[in-house]
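A.B. asks: Give the three-dimensional model of this entry:
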Amino acid sequence: MSFPRPDQRAFVGSYWEQSVDKPRLERQLIGNALFDVAVIGAGYAGLSTALKLAQAGVSVCVLDAEHVGFGASGRNGGFCCMGGTKLSNRQLIKRFGLEETRKFLAFQVAGINLVAQRLKDWDADAGCHSKGEVYLAHRPSDLVDLKDEAAFLTQNFGIKTRLLEKGGLAEEGLSGPEFHGGLHVPYGFALNPMVYVQALAREARKAGTRIFGKSAVTRLYRDGERWRLNTAHGAVRAKQVVLAGNGYAREDTPKWLHGRTLPAMSSVQVTRPLTDDELARQGWTSDLMASDTRILLHYFRLLPDRRFLFGTRGGLFENGKALAAMQRRARADFDRMFPEWAAIPTDFEWHGNVCLSRRLTPFVGPVPGMDNVFAALGWHGSGIAMASISGEKLAGLMLKRIGRDALPKAVQEPLAKFPVPALRKLYLQGAYWWYGYQDR
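C.D. replies: Okay, the predicted model is just below:
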């Protein structure tokens, strides 16, 4: 029997990959193993769960199809911010009530604080910057909506935001021809996501977690009093299982996952380092995390080494032609939004999956009908803080140190199946067309 070479890494060509020292290569699972808990997915959620369990003396392993940081946890734009849902606060209030929505927002802030505290405690230099996030109106009418949102956040949640009129954007170093004002929310910060996920893996290992790479779980089934997780060259038997693959999860492992998530693509580009003169000509000198008010939003920020990161939503298919077209569209948007930088070359470009759910909220908790199987996934493009706190809380549930009421109701609803799952990408395409029309 031949085994894959242990150094056959899968790279995505991201800036984050080259910005860190070559990360530790996890050993592949070969043969049979016995653990109390097996976690599928070596990202923020899976590693956070494993860390907390291992610190409590539980024997735990993490199985990943590739390696730590290969999925969304190593590909995202590095926005540790509010989010985790595609529902507005008004929609959350309508579904869950005001008090539960306040609880959910407090949960998001706790996630941000958790990541910040971890980085401090672990002495991990993740290049953190940006005090909060700014949302920029891409139409004059959107500034009116932002003013209304500012009042709404203060009245219902006590969040003190800062409204920026169009004339004041230049003073803030936030200039661009498509920006008509903005709203600054004081929660969150930017970071290098690869530094964070590698530090998280390092701490999980220190606590006793075993991490196996190139060990995709191909089958999950009951084997006596334990669950059996088969991989290409081995198997794990565990009392409890955690599903934390997010947008990279195999839908047939277990079959319960089939049709319950919708991976959607996000693309990222990073320029070469910009000079002071180039920054001044465009009028963008701020290090604030920023996004625009489009439904198919753009997100962007100036990195500590003066490169500019620019991300977009959209894209359905991961073949060469479709990916090239997606990156061309992203570059065209960048050139239009930052015309003074139209001649600046792109040094890095990559893409990744954002995990959507039918209810547009995450799920953290026990999987219905599968005793001792738990899940934490569905971050809707904002997973750094939300996945981190959710993984830690899920471990608390599994250890019976907390009850379900410790979680906001917004993350307790099990994932619903999409209608006619085979057609998900087709009606996502229809949604993209409709969102594009609304954005225009």
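A.B. asks: And the contacts of the helix or strand encompassing residue 347?
C.D. replies: Using DSSP states H and E, residue 347 maps to strand 346-356. By CB atoms under 8 Å, 6 or more residues apart in numbering, the residues outside strand 346-356 that reach it are 12-15, 18, 71-72, 75-76, 86, 246-248, 261-272, 307, 313, 315, 318, 323, 326-327, 330-331, 377-381, 383. Every C-beta, even on glycine, is put in place using the N, C-alpha and C of the backbone.
A.B. asks: Drop anything exposed from those residues.
C.D. replies: Buried members of these, scored by 16 or more other CB atoms under 10 Å, are 12, 14-15, 71-72, 75-76, 86, 246-248, 261-271, 307, 313, 315, 323, 326-327, 330-331, 377-381, 383.
A.B. asks: so of these, which ones are in helices?
C.D. replies: Using DSSP state H, the subset of the buried ones among the contacts of strand 346-356 located in helices is 15, 323, 326, 327, 330, 331, 383.
A.B. asks: Could you list the buried residues of stretch 57-69?
C.D. replies: Those would be 58, 59, 60, 61, 62, 63, 64, 65, 66, 67, 68, 69, for stretch 57-69 by 16+ other CB under 10 Å.
A.B. asks: Max pairwise distance over the residues you listed: which two?
C.D. replies: 58 and 66 (24.6 Å; CB to CB).
A.B. asks: about what we covered before: how about the following helix or strand past the strand holding residue 347 as PDB, C-alpha atoms only?
C.D. replies: Following the chain from strand 346-356 toward its C-terminal end, the next helix or strand by DSSP H and E is strand 363-366. Below are the C-alpha coordinates for strand 363-366, written out as PDB (Å, rounded to 0.1, in the frame of the first residue of the first chain):
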ATOM      1  CA  PHE A 363     -25.800  26.400  14.300                       C
ATOM      2  CA  VAL A 364     -24.000  25.400  17.500                       C
ATOM      3  CA  GLY A 365     -25.200  22.300  19.400                       C
ATOM      4  CA  PRO A 366     -26.200  18.700  19.300                       C
END
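A.B. asks: which residues touch strand 363-366?
C.D. replies: So strand 363-366 is contacted by 357, 373-378, 390, 393-394, 397, 404, 407, 411-415 (CB under 8 Å, 6+ apart).
A.B. asks: so what's residue 272 closest to, chain neighbours aside?
C.D. replies: residue 347 (5.0 Å; CB to CB, 6 or more residues apart in numbering).
A.B. asks: Against residue 341, how distant is that neighbour?
C.D. replies: 13 Å (CB to CB, to the nearest Å).
A.B. asks: Residues in contact with both of the two, list them for me.
C.D. replies: With CB under 8 Å, 6+ apart, residue 347 and residue 341 have common neighbours residue 271.
A.B. asks: before we move on, the earlier item: list the ones among the buried ones among the contacts of strand 346-356 that fall in strands.
C.D. replies: 262, 263, 264, 265, 266, 267, 268, 269, 270, 271, 313, 377 (DSSP state E).
A.B. asks: Neighbours of residue 219, how many?
C.D. replies: By other CB atoms under 10 Å, 13 other residues sit near residue 219.
A.B. asks: in terms of contact, does residue 110 touch residue 388 like I think?
C.D. replies: No. Judged on CB atoms under 8 Å, residue 110 makes no contact with residue 388 at a distance of 9.6 Å.
A.B. asks: who has more neighbours, those two?
C.D. replies: Between residue 110 and residue 388, counted using other CB under 10 Å, the more crowded position is residue 388 (27 against 15).
A.B. asks: Which residues are in contact with the more buried one?
C.D. replies: Residue 388 touches 44, 45, 48, 111, 114, 115, 118, 200, counting by CB under 8 Å, 6+ apart.
A.B. asks: Kindly reformat the residues you listed as a markdown table containing distance to residue 335 and neighbour count.
C.D. replies: As requested, those are arranged in a markdown table below (distance: CB to CB, whole Å; neighbours: other CB atoms under 10 Å):
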| residue | distance to residue 335 | neighbour count |
| --- | --- | --- |
| 44 | 33 | 32 |
| 45 | 36 | 33 |
| 48 | 38 | 29 |
| 111 | 35 | 30 |
| 114 | 38 | 18 |
| 115 | 33 | 24 |
| 118 | 37 | 19 |
| 200 | 36 | 28 |
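A.B. asks: Among those, which one sits closest to residue 157?
C.D. replies: Among these, and counting by CB to CB, the member closest to residue 157 is residue 111, at 15.8 Å.
A.B. asks: Wait, a helix at that closest one?
C.D. replies: Yes. Residue 111 forms part of a helix when assessed by DSSP: H, G, I helix; E, B strand; the rest coil.
A.B. asks: Any regions of the stretch 151-300 of the chain where pLDDT drops low?
C.D. replies: Along the stretch 151-300 of the chain, no part satisfies pLDDT under 70.
A.B. asks: go with 90
C.D. replies: 252, 264-265, 294-296 (pLDDT under 90).
A.B. asks: circling back to that earlier point, between the strand holding residue 347 and strand 262-271, what angle do the directions make?
C.D. replies: Here the directions of strand 346-356 and strand 262-271 differ by 160 degrees (axes from the mean of the first three to the mean of the last three CA atoms, to 10 degrees).
A.B. asks: buried residues in strand 346-356?
C.D. replies: By 16+ other CB under 10 Å, the buried positions in strand 346-356 come out as 346, 348, 349, 350, 351, 352, 353, 354, 355, 356.
A.B. asks: Apart from its chain neighbours, what residue comes closest to residue 146?
C.D. replies: residue 183 (4.2 Å).
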